[in-house]
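*Asks:* Sequence below, structure please.
(2 chains)
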Amino acid sequence: MEILKVENLSFTYPLCNEKAIDGISFSVDRGDFITVCGATGCGKSTLMRMIKKELTPLGDMTGRVFYKGRDINTLSEAETACSIGFVAQRPEEQIVTDKVWHELAFGLENMGIARDIIRRRVSEMTCYFGIEDWFEKSVSELSGGQKQLLNLASVMVMQPDVLILDEPTAQLDPIAASDFIATLSKLNRDLSLTVIITEHRLEEVIPVSNRLLAMECGKILKYGETRQVVASLRENDVFTRGMPAAVRIFNSFDLNGPCPLTAREGRDYIESNFPNTVISLEETDERNDKKETVLEFSDVYFKYAKELPDVLRGLDFKVYKGEIFCIMGGNGSGKSTCLSVAAGLHRPYSGNVRVLGKKIKDYKKNELYRECLSLLPQDVQTVFLKNTVKEELEDVKSNEDFLPYDLSGLYERHPYDISGGQQQLLALAKVLSTSPKILLLDEPTKGLDAYAKKEIGDILKRLRNGGMTVICVTHDVEFAAEYADRCAMFFRGEITSCGVPSEFFSGNNFYTTAANRMTSGYYKNITTVSDAVKIMRMNRTEGAL
Amino acid sequence: MKAFDNYNPITVFIYFASVITIGMFCLNPVTMNPLILFLSLAGAVTTYLIRNRTEGAQSHLFFFVMFILLTVINPLFNHNGVTVLLIINNNPVTLEALLYGAASAAAIIGVIYWFRSFSQIMTSDKLLYILGNISPKFALILSMTLRYVPMFEKQTQKVIQAQRGLGLYSDTDFMSRVRGGTRVFSVMVTWALENGVITSDSMTARGYGITKRTFFSIFKFRRQDIILSAASVILFLIILAGVISGSVNFKFYPEISYAGTTVISVITYIAYGLLAFLPAFTESGEELRWKYLKSRI
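*Replies:* Coordinates of the predicted model:
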């Protein structure tokens, strides 16, 4: 049954010449799980906000949106508020009240629903989401993933038929993100809830969605059944880059057949189409062995307060000059703490940290940060203090010629208004203005699309080639596999394994890249999609001979 | 003590309002009855002790010292009274003034202890519940504030740490600290406005402002609440009648004089004793019930 229909929708923001959305028409059936994808700035978010009437921005809008055959502008306010739910990107800021139970009840209170009914609906939803344990907690005690689940639950109590999500997992770590997607998929299956979601991280969401809507410059590029759309956009590089590893591998060859979406399907695809006569790629070892240690942790212990447990327990590692060192590990394992200790923001109670061979304690105030070391925090918004990008750069007397990229197109914009990737680049520009020898980054790829990730990765490589040492805490295994010189696994305050990516990831069974999971046991030491494609090509020609 | 926490906030509020009102009402020269004030202090301290047991034991020492000080200071400045104990610098120190000091110290510290328990039991969400019954809108604003203030604080800390890690924030001397502080504060205003937009989107998306709001809470008004509220109110009225009738009047100056022991005064004392120790009763009642249940299992 058709539940939603968009008819020839166009939208122009005030003071803009170009249309943000240009003549979009599509229809949605009850129970569809639709993923909307496309590059940053292609109008995905605007489209989402057009469907949710309350959030439609100011501007020039033509065309119509129908909900169950009725124009959404003719529906009552209560009806649209309840029937079409909306979850946005930032988990923290969407929460309105201070207690979990109050947040769950917020929407129903707005509807003027009686207390007994609210109690019933809230308790039902709490059970369904399995969040009884934190029902009475303050929202400030919750983790980011829990906050986003709470946002979802507090929309679901209003019993919507259609749920619209605008990059809901961008700010979550991979485990919380896949929990969130699993919950969405469960809602979709159990309640035949219609889901329309925009996402950058497609690995999880593509396999559970039955339809895909690809957008480009405010227009629909393709809309239809997931596998068909994925296969038909094979040639489109921007589109393919963000796809799951299985799809990228499939798209690298011109074989026909159904496109694999999950790692399991990818594995089947590889095994049934390619032999494994060549097992591993030849190692090209360019690294020189003359290594100079720039950062050294020796037996470092740290805790935030006397009565709290240790966060770092005997942490021991060295980072060498001119490498990209990626630290991975679960939430709360102490990764970020490790960075702030390295940056001298926290002082260990035992053990030594040496920066460029000198004990960190021996650096006088701020001396450490002068051309020596710099830390870029996870939330890059905390870096910005000015009203425009230009002022921001002038503030730190940044020498832009020195920057490996150009920000001049953004000068007059407010730092909060530019895209996540651009924010990351601007923050990086501020950090680089102190010309550090060691660059510490906390989750530099969080919330970024595939294109911005590649841009950041390439910049880091260039900086490294210029002699800078980059230490990077990340959840993003694909990013680490692609760009790191060495990777380390953090667990309960210490490093449990460490090595070059190909060995590091091949040694892991679970905490590894999708390409590695698809090929382990079949090929050896394959971590990235490009490696996988390379070895498959070799096998193919080998087989053809 | 946890039993008192399980009562409905309204009940808790009624109880504390009654017991504190009487405690404060008696702080005037005509009705300043030491027995009532002593009962108030004893009840308040017992309530606090049952709830916290040995936790925060040093604070009791502080209030004990305060009690002694308040008691001693009054006769040093107030020379009313007929029974002279000693003379300091040509000024008489009288027994009446000393006793008056003790009584007012008991009253003040009693009220402080009542408030200590009250603030522990009445957590923010309980206060909000009471407010919500009066004005749902105001309660929502308060709830949002309660969420926003810590969030703002946390973000400010994050910004300062971020600037420090970039080497752009120094607090070596006073001027640089002021300069850094203003920079951070100005960006925090932007941040607050920016995030206010997201919050308000989230509110309109869930239909805020469409109709008159109801107010949901997880507290129920049970039978035990009716009993306790009724008991508080009835006892309060009895005591009030007793106090107004003048049969518990008590004067320190110029010499100690009080209305004689009558049926009314005895009833008033008993009523206030009951009221002051109500939390202790409910608690021991609860404990006994558990003991009894346990022995049956």
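*Asks:* Centroid-nearest residue for chain A?
*Replies:* The centre of chain A sits closest to A:Gly447, judged by CA atoms, centre = their mean, with a distance of 3.7 Å.
*Asks:* In space, what's closest to it - neighbours in sequence excluded?
*Replies:* A:Ala170 (3.8 Å; CB to CB, 6 or more residues apart in numbering or on different chains). (C-beta placed from N, C-alpha, C; glycine too.)
*Asks:* Check whether the residue of the stretch 51-200 of chain A found nearest chain B sits in a helix, strand or coil.
*Replies:* Among the residues of the stretch 51-200 of chain A, A:Ala81 lies closest to chain B, at 3.0 Å counting by CB to the nearest CB. Recorded secondary structure, A:Ala81: helix (DSSP: H, G, I helix; E, B strand; the rest coil).
*Asks:* tally of neighbours for A:Val139?
*Replies:* Using other CB atoms under 10 Å in any protein chain shown, the number of residues around A:Val139 comes to 22.
*Asks:* dump the residue contacts of it.
*Replies:* A:95, A:97-100, A:103, A:147, A:150, B:147 (CB atoms under 8 Å, 6 or more residues apart in numbering or on different chains).
*Asks:* interface residues of the stretch 51-200 of chain B facing chain A?
*Replies:* With CB under 8 Å from any CB of the partner chain as the criterion, the stretch 51-200 of chain B comes near chain A at residues B:124-125, B:128, B:136, B:140, B:143-144, B:146-147, B:150-151, B:154-155, B:158-159, B:161-168, B:170, B:172, B:183-184, B:186-187, B:190-191, B:194-195, B:198-199.
*Asks:* For chain B, which segments count as helices?
*Replies:* Under the criterion DSSP state H, helices of chain B are mapped to B:9-25, B:34-52, B:57-77, B:95-121, B:124-134, B:136-165, B:174-205, B:223-245, B:263-276, B:278-296.
*Asks:* Redo these as a markdown table? Include distance to B:Phe215, mean pLDDT and mean neighbour count.
*Replies:* Listed next are these as a markdown table, based on distance: least, CB to CB, whole Å; pLDDT from 0 to 100; neighbours: other CB atoms under 10 Å in any protein chain shown:
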| stretch | distance to B:Phe215 | mean pLDDT | mean neighbour count |
| --- | --- | --- | --- |
| helix B:9-25 | 13 | 90 | 21 |
| helix B:34-52 | 28 | 90 | 21 |
| helix B:57-77 | 35 | 90 | 14 |
| helix B:95-121 | 21 | 90 | 20 |
| helix B:124-134 | 4 | 83 | 18 |
| helix B:136-165 | 4 | 86 | 17 |
| helix B:174-205 | 16 | 86 | 15 |
| helix B:223-245 | 18 | 92 | 17 |
| helix B:263-276 | 30 | 92 | 19 |
| helix B:278-296 | 27 | 84 | 13 |
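*Asks:* picking that back up, help me confirm that the residue nearest to the centre of chain A comes into contact with A:Leu172.
*Replies:* No: if you go by CB atoms under 8 Å, A:Gly447 and A:Leu172 don't touch, sitting 9.2 Å apart.
*Asks:* The residue nearest to A:Arg234 when sequence neighbours are not counted: neighbour count?
*Replies:* Excluding its sequence neighbours, the residue lying closest to A:Arg234 (CB to CB, 6+ apart) is A:Asn251, at 4.7 Å. The tally of other residues near A:Asn251 (other CB under 10 Å) stands at 22.
*Asks:* ok, A:Asn251 - contacts?
*Replies:* For A:Asn251, the contact set (CB under 8 Å, 6+ apart) comprises A:230, A:234, A:240, A:243, A:259.
*Asks:* Check it and give its pLDDT.
*Replies:* pLDDT for A:Asn251: 87.
*Asks:* same check, this time on A:Ala170
*Replies:* Looking at A:Ala170, the pLDDT reads 87.
*Asks:* Contact partners for it?
*Replies:* Each residue near A:Ala170 by CB under 8 Å, 6+ apart is listed here: A:89, A:200-201, A:420, A:446-447.
*Asks:* which element is it on?
*Replies:* Applying DSSP states H and E as the criterion places A:Ala170 outside every helix and strand.
*Asks:* In the stretch 351-500 of chain A, mark out all the strands, start to finish.
*Replies:* Chain-ordered strands for the stretch 351-500 of chain A, with DSSP state E, counting those that start in this stretch as the definition, fall at A:358-359, A:373-376, A:438-442, A:469-473, A:486-491, A:494-499.
*Asks:* Format those strands as JSON lines; extra columns: mean pLDDT and distance to chain B.
*Replies:* Output for the strands of the stretch 351-500 of chain A, formatted as JSON lines (pLDDT from 0 to 100; distance: least, CB to the nearest CB, whole Å):
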{"stretch": "strand A:358-359", "mean pLDDT": "86", "distance to chain B": "16"}
{"stretch": "strand A:373-376", "mean pLDDT": "89", "distance to chain B": "3"}
{"stretch": "strand A:438-442", "mean pLDDT": "92", "distance to chain B": "8"}
{"stretch": "strand A:469-473", "mean pLDDT": "94", "distance to chain B": "13"}
{"stretch": "strand A:486-491", "mean pLDDT": "91", "distance to chain B": "19"}
{"stretch": "strand A:494-499", "mean pLDDT": "89", "distance to chain B": "21"}
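*Asks:* Would you tell me which of the ones you listed gets closest to A:Lys68?
*Replies:* Among those, strand A:438-442 comes nearest to A:Lys68, with 45.9 Å by CB to CB.
*Asks:* Give the other helices and strands that the closest one contacts.
*Replies:* Contacting strand A:438-442 under the criterion 3 or more CB pairs under 8 Å, 6 or more residues apart in numbering or on different chains; DSSP states H and E are the following elements: helix A:335-342, strand A:373-376, strand A:469-473.
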